[in-house]
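J.: sequence first, predicted coordinates after that:
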Amino acid sequence: MQAFEAFTGLVAPLDRANVDTDQIIPKQFLKSIKRTGFGAHLFDAWRFNDPGLLGMAPESRQPNPKFVLNDPRFRSAEILLAGENFGCGSSREHAVWALMEYGFRTVIAPSFADIFTSNCFKNGLLPIVLDKGDVSALMLECTNTRGFSLQVDLEAGVVRHEDGRAFNFHVKPSDRQRFLQGLDEIGLSLAHADEIRNFEFRHKERFPWLFENQPCRAS
Amino acid sequence: MPRTLYDKLWEDHLVTTRSDGQSLIYIDRHLLHEVTSPQAFEGLDLAGRDLWRKETNIATADHNVPTTNRELGIDGIEEDIAKQQVLALQENCDRFDVELFDVTDERQGIVHVIGPEQGLTLPGMTIVCGDSHTSTHGAFAALAQGIGTSEVEHVMATQTLAQAKAKNMRVRLDGDLPAGLTTKDVVLKVINEITASGGRGFTIEFAGSGVAAFSMEARMTLCNMAIEAGARSGLVAVDDVTIEYLRARPYSPSGSRWEQAVAYWRRLQSDANAQFDAELRVLLDNLEPRATWGTSPDQSAAIGACVPEADAGNRRALEYMGLAGGEPMTEIAIDRVFIGSCTNARIEDLRAAAHVLQGRKIASNLSQAMVVPGSGLVKAQAETEGLHEIFLDAGFEWRAAGCSMCLGMNPDQLSPGERCASTSNRNFEGRQGQGGRTHLLSPSMAAAAALSGHLADVREFI
Ligand code: SF4
């Protein structure tokens, strides 16, 4: 994972609640066995009027002019503002890969679904929870102001507005540290390999049936 | 201090607290399918890591598999990229030595159907899968949760999951469920009450006097949809119903180990005075059968009611669904019926639907009605009982096992504008096919809709 640095980015408003991961990246794109190639299909059914298939050339598509990300004002947005419960539904991590590949580095919403939040923190997309009222106000301002930008500072835990307002947000210290330093999470856990082995030994004594009659590859 | 069932499961699996403050919990079972595993295997490869305990892993292909021509095996998958994904699962399982129930294996099926069916899901386990409906397995008092692909790789490499503990919610279901209703109606009501995000950050335990009367299949339907309320896990405590279900399953313990396991399983209950952070009570006696009308699983109504009037909050959903708002639920005409998915494709679900359909024919305005059993073994059992003949006689298609039109990754999809009565779990825009419209309901309600050609009250058919 790349270390996450403070940045100032253009904001795009997606004024909907319960944006589910089926919308963020529809199922037909999940057939890929890679981690890349999803950005071109972010919000595919909303962004395009023609049915999308994996690997289609973007020039051949028919953009839906009514969808916010097709508004030239928001083309290079790096911050997505959204409604409550963003990322609900399927556990597909492809949703996070798609948002990042498209160019988003953070999503700001009043709340996020649990699995989506975990997926964000494994990949370097920062989910920022702000007060619902603040999100609505920013949504309105963003819609009405050309070039509306915000500064995101994870180290300080603050989103800063150009007019001087600051919105504090909280990120678990463990996630924050990993993000700022770009640490490999599996490596972090494997540093506890001895403890895992000791636990496993005791677990086997307590629950021997979980270690017997297990699926085994017929050779 | 009195503890909840979730507290006990958590504590029995807590390995350590990592240097950065995250807890590591030990994972007893990891289920894999073809869609969310390839990038995790690739990650292991790139880092030169191996599986920590390979025999805890079990894989099946379910999302991409066709529901026709299954004797052709992988060659029956028409779309090349889908075939590649199923092949990748085979190759990864070969290379990493993971047991696989492949396309032609009779034990193949939806990952959340085959786990319990095989006894791979046991009380007191921690279970994960790169799939949000892993909550299903909580019906066995197992701490079961859906995870993302990075977490899949983490579990493969470390046998642990890094997370913070969730809060406790109890949903008390008291009373008796009226005839014709199922736990699908119950869970749609629960989600409607707590909303699609109300369960975020919680593990939901379903308790109360009503639960004792529910079969394991019915309890799985409840826990399956806990995620639609935003909760990563659902739970039901162990009782005789749980234990009888597991007796003599292929991977259940046997002999003296069975007795030893049962003695532990019986303790998997919340203590009498355990504290819950949130609580909801639903009286079963007054419930009515339900169906969804919108594009989020919390947008449901009793079948005798009307679709809500349009307002700022639901306008987009109504527009997508092609509804004006205010019309009676029973006036919503449908084009297709789908009985299937990890929510409602177990033997009991098929029996309930067949019971309604017996000796009747589906309405002439339907373009298709189909049954997709949850596993090869559910299909075989249904055929032994002659259920397939009831479905076929009524005008249903009888297909092979898989996820099918629950998410339409295989050729089973809705066309734009088509309206489907579906026993699955998500009515999101485009879930069953781009532009398709989904009404979620129980298998018996789906049967009633098939007979009527529109949403209908199953109680008029039994
Ligand atoms: S049946 Fe549907 S919800 Fe269940 S695992 Fe398959 S795609 Fe997911």
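T.: Okay, I see it. Computed from a prediction, not measured in an experiment: that's the story for all the values here.

J.: for the rest of this, base every contact and every neighbour count on C-alpha atoms.
T.: OK.

J.: what's the first helix or strand after the lowest-mean-pLDDT helix or strand in chain A?
T.: One helix or strand of chain A scores below all others by mean pLDDT, DSSP states H and E: helix A:173-181, with a mean of 88. As assigned by DSSP states H and E, the chain's next helix or strand after helix A:173-181 is helix A:185-190.

J.: buried ones in the following helix or strand past that next one?
T.: Next in sequence after helix A:185-190, counting helices and strands by DSSP H and E, comes helix A:193-206. For helix A:193-206, burial by neighbour count (16 or more other Cα atoms under 10 Å in any protein chain shown) applies to A:Ile196, A:Phe199, A:Glu200, A:His203.

J.: before we move on, what about stretch B:162-178?
T.: B:162, B:165-177.

J.: just the CA trace of the helix or strand harbouring B:Phe391, in PDB.
T.: For B:Phe391, the element it lies in under DSSP H and E is helix B:387-394. The C-alpha trace of helix B:387-394 is given here as PDB (Å, rounded to 0.1, in the frame of the first residue of the first chain):
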ATOM      1  CA  LEU B 387     -40.900 -31.700  -6.300                       C
ATOM      2  CA  HIS B 388     -39.400 -31.100  -9.800                       C
ATOM      3  CA  GLU B 389     -42.400 -32.600 -11.300                       C
ATOM      4  CA  ILE B 390     -44.700 -30.300  -9.500                       C
ATOM      5  CA  PHE B 391     -42.600 -27.300 -10.700                       C
ATOM      6  CA  LEU B 392     -42.400 -28.600 -14.300                       C
ATOM      7  CA  ASP B 393     -46.200 -29.400 -14.400                       C
ATOM      8  CA  ALA B 394     -46.900 -25.800 -13.200                       C
END
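
J.: name the helices or strands packed onto that helix?
T.: helix B:347-357, strand B:397-398 (3 or more Cα pairs under 8 Å, 6 or more residues apart in numbering or on different chains; DSSP states H and E).

J.: next structured bit after the longest one?
T.: Okay, so that is helix B:347-357. strand B:368-371.

J.: the chain: helices as residue ranges?
T.: Looking at chain A here, since you left the chain open. Secondary structure of chain A by DSSP state H: the helices cover A:21-24, A:44-47, A:94-102, A:114-123, A:132-144, A:173-181, A:185-190, A:193-206.

J.: wrong one, chain B
T.: B:5-11, B:38-47, B:80-96, B:111-118, B:149-158, B:183-194, B:216-224, B:240-246, B:255-265, B:315-321, B:347-357, B:376-384, B:387-394, B:443-452.

J.: and those helices as a markdown table, adding distance to the ligand and mean pLDDT?
T.: What follows is these, written out as a markdown table (distance: least, Cα to the nearest ligand atom, whole Å; pLDDT from 0 to 100):
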| stretch | distance to the ligand | mean pLDDT |
| --- | --- | --- |
| helix B:5-11 | 23 | 98 |
| helix B:38-47 | 16 | 96 |
| helix B:80-96 | 14 | 96 |
| helix B:111-118 | 6 | 98 |
| helix B:149-158 | 15 | 98 |
| helix B:183-194 | 14 | 98 |
| helix B:216-224 | 8 | 98 |
| helix B:240-246 | 21 | 98 |
| helix B:255-265 | 27 | 98 |
| helix B:315-321 | 20 | 98 |
| helix B:347-357 | 14 | 98 |
| helix B:376-384 | 14 | 98 |
| helix B:387-394 | 20 | 98 |
| helix B:443-452 | 14 | 98 |
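
J.: hey, which of these is tucked in deepest?
T.: helix B:443-452 (a mean of 29; mean count of other Cα atoms under 10 Å in any protein chain shown).

J.: dump the residue contacts of residue 62.
T.: Went with chain A since none was named. A:Phe48, A:Asn49, A:Asp50 (Cα atoms under 8 Å, 6 or more residues apart in numbering or on different chains).

J.: chain B, not that one
T.: B:His33, B:Glu34, B:Gln108, B:Gly109, B:Ile110, B:Val111, B:Ala401, B:Gly402, B:Cys403.

J.: one more: B:Thr17?
T.: B:Ser23, B:Leu24.

J.: first to last residue in stretch B:101-108, what's the distance?
T.: 5 Å (Cα to Cα, to the nearest Å).

J.: for stretch A:27-44, that is, sorry about that
T.: By Cα to Cα, one end of stretch A:27-44 lies 10 Å from the other end.

J.: next, the buried residues of that stretch.
T.: Buried residues in stretch A:27-44 (16+ other Cα under 10 Å): A:27-33, A:35, A:37-44.

J.: hmm, back to that, can I get the contacts of A:Gln62 in JSON lines with distance to chain B and pLDDT?
T.: Formatted as JSON lines, the contacts of A:Gln62 follow (distance: Cα to the nearest Cα, whole Å; pLDDT from 0 to 100):
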{"residue": "A:Phe48", "distance to chain B": "12", "pLDDT": "97"}
{"residue": "A:Asn49", "distance to chain B": "11", "pLDDT": "96"}
{"residue": "A:Asp50", "distance to chain B": "10", "pLDDT": "95"}
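
J.: out of these, grab the one that's most surrounded.
T.: Within the contacts of A:Gln62, neighbour counts (other Cα atoms under 10 Å in any protein chain shown) peak at A:Phe48, which reaches 19 neighbours.

J.: up against chain A, what does the stretch 151-300 of chain B have?
T.: Neighbours of chain A within the stretch 151-300 of chain B, by Cα under 8 Å from any Cα of the partner chain: B:151, B:154, B:157-158, B:162, B:196-197, B:200-201, B:227-228, B:230-232, B:251-253, B:257-258, B:261, B:296.

J.: right, and A:Pro215 touches B:Leu31 too?
T.: No: using Cα atoms under 8 Å, A:Pro215 is not in contact with B:Leu31, being 11.2 Å away.

J.: which one of the two has more residues nearby?
T.: B:Leu31 (23 against 18).

J.: next up, the contacts around that one.
T.: By Cα under 8 Å, 6+ apart, the contact list for B:Leu31 reads B:Asn57, B:Ile58, B:Ala59, B:Val111, B:Gly115, B:Ile127, B:Val128, B:Cys129, B:Gly130.

J.: you'd agree A:Arg16 is up against A:Gly83?
T.: Yes: between A:Arg16 and A:Gly83 there is a contact under Cα under 8 Å: 4.9 Å.

J.: show me which of the two is the more surrounded one.
T.: For the pair A:Arg16 and A:Gly83, the greater number of neighbours falls to A:Gly83 (21 against 14), based on other Cα under 10 Å.

J.: show me the contacts for that one.
T.: Applying Cα under 8 Å, 6+ apart, the residues near A:Gly83 are A:Leu14, A:Asp15, A:Arg16, A:Ala17, A:Asn18, A:Val19, A:Ala109, A:Pro110, A:Ser111, A:Val135.

J.: what residues does chain B put near the ligand?
T.: B:His63, B:Ile110, B:His133, B:Ser341, B:Cys342, B:Cys403, B:Cys406, B:Leu407 (Cα under 6 Å from any ligand atom).

J.: from B:Asn192, how far out is the residue lying closest to the last one once chain neighbours are set aside?
T.: Once its chain neighbours are removed from consideration, B:Leu407 has its nearest residue in B:Gln432; the separation is 4.9 Å (Cα to Cα, 6 or more residues apart in numbering or on different chains). Taking Cα to Cα as the measure, B:Gln432 and B:Asn192 are separated by 21 Å.

J.: contacting residues around the least confident helix or strand of chain A?
T.: Residues contacting helix A:173-181 (Cα under 8 Å, 6+ apart): A:1-5, A:121, A:124, A:154-155, A:184-185, B:20-22.

J.: which one of those residues is nearest to the ligand?
T.: A:Phe121 (23.1 Å; Cα to the nearest ligand atom).

J.: confidence score at that closest one?
T.: With respect to pLDDT, A:Phe121 scores 94.

J.: next, count neighbours for the residue lying closest to it once chain neighbours are set aside.
T.: Take A:Phe121 and drop its neighbours on the chain: the residue closest to it by Cα to Cα, 6+ apart is A:Asp175, 6.5 Å away. A:Asp175 has 20 neighbouring residues, counting by other Cα under 10 Å.
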